[in-house]
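Novice: got a sequence here, can you build the structure:
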Amino acid sequence: MRKVITYGTFDLLHYGHINLLKRAKDLGDYLVVALSTDEFNLNSKNKKCYFSYEERKKMLESIRFVDLVIPEENWEQKASDVKEFKIDTFVMGDDWAGKFDFLKEYCDVVYLPRTPEISTTQIKQDLKK
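Specialist: Prediction:
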C-alpha cells in the first residue's frame, strides 16, 4: 500500500482543495492530511481561520479521498510524520516548490499545480468587496 501525505489549513474549503486532495490520493492508496491547528495558524502563520480546527477536521474527514486527518502543530514535524506513518509520497501545492526537497531522503516529494482560478485568499478578498 502506497501512503501519501499533504499539509494545509483547508479553511473555507473549496473545489481547489478538493482537486488537490483527489490528485494527492491518485498518487497512492492511503491519504493522510496534516491539518494546521488553530494555534499553529495563529502563532506561526499569522492566520486566523474562519472555521475551527475541529470543524475543518470534520469537513476533511467527510471527503472520500481522505483516509486520516492528523494535527499539524509545527513546521518541523514533517520528517517525523513521514517516518511515523511510513509515507511513500509527500505532496504540496507548487507554490511551495523546492521548500520540502529535504524530505527526498525519506520519500518521493511531489509539487502539484494549484487550481489557478480559486484560492481562499481570493475568496476572502471577494467577500470584503
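
Novice: all the helices of this protein, residue numbers only.
Specialist: 15-25, 38-44, 53-61, 78-84, 120-128 (DSSP state H).

Novice: with just CA atoms, put the last one into PDB.
Specialist: Extracted in PDB, the C-alpha atoms of helix 120-128 (Å, rounded to 0.1, in the frame of the first residue of the first chain):
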ATOM      1  CA  THR A 120      -9.000  31.000   0.000                       C
ATOM      2  CA  THR A 121      -7.200  34.400  -0.200                       C
ATOM      3  CA  GLN A 122      -9.200  35.300  -3.300                       C
ATOM      4  CA  ILE A 123     -12.500  34.200  -1.700                       C
ATOM      5  CA  LYS A 124     -11.800  36.400   1.400                       C
ATOM      6  CA  GLN A 125     -10.900  39.400  -0.800                       C
ATOM      7  CA  ASP A 126     -14.000  39.000  -2.900                       C
ATOM      8  CA  LEU A 127     -16.200  38.700   0.200                       C
ATOM      9  CA  LYS A 128     -14.800  42.000   1.500                       C
END
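
Novice: that older thread, okay, the helices of the chain, which one's buried deepest?
Specialist: Most buried of those by mean neighbour count (mean count of other C-beta atoms under 10 Å) is helix 15-25; its value is a mean of 18. (C-beta placed from N, C-alpha, C; glycine too.)

Novice: who touches that one?
Specialist: 4, 6, 8, 10, 31, 33, 60, 63, 65-66, 91, 93, 112, 114-115, 118-119 (C-beta atoms under 8 Å, 6 or more residues apart in numbering).

Novice: perfect, I'm done here.
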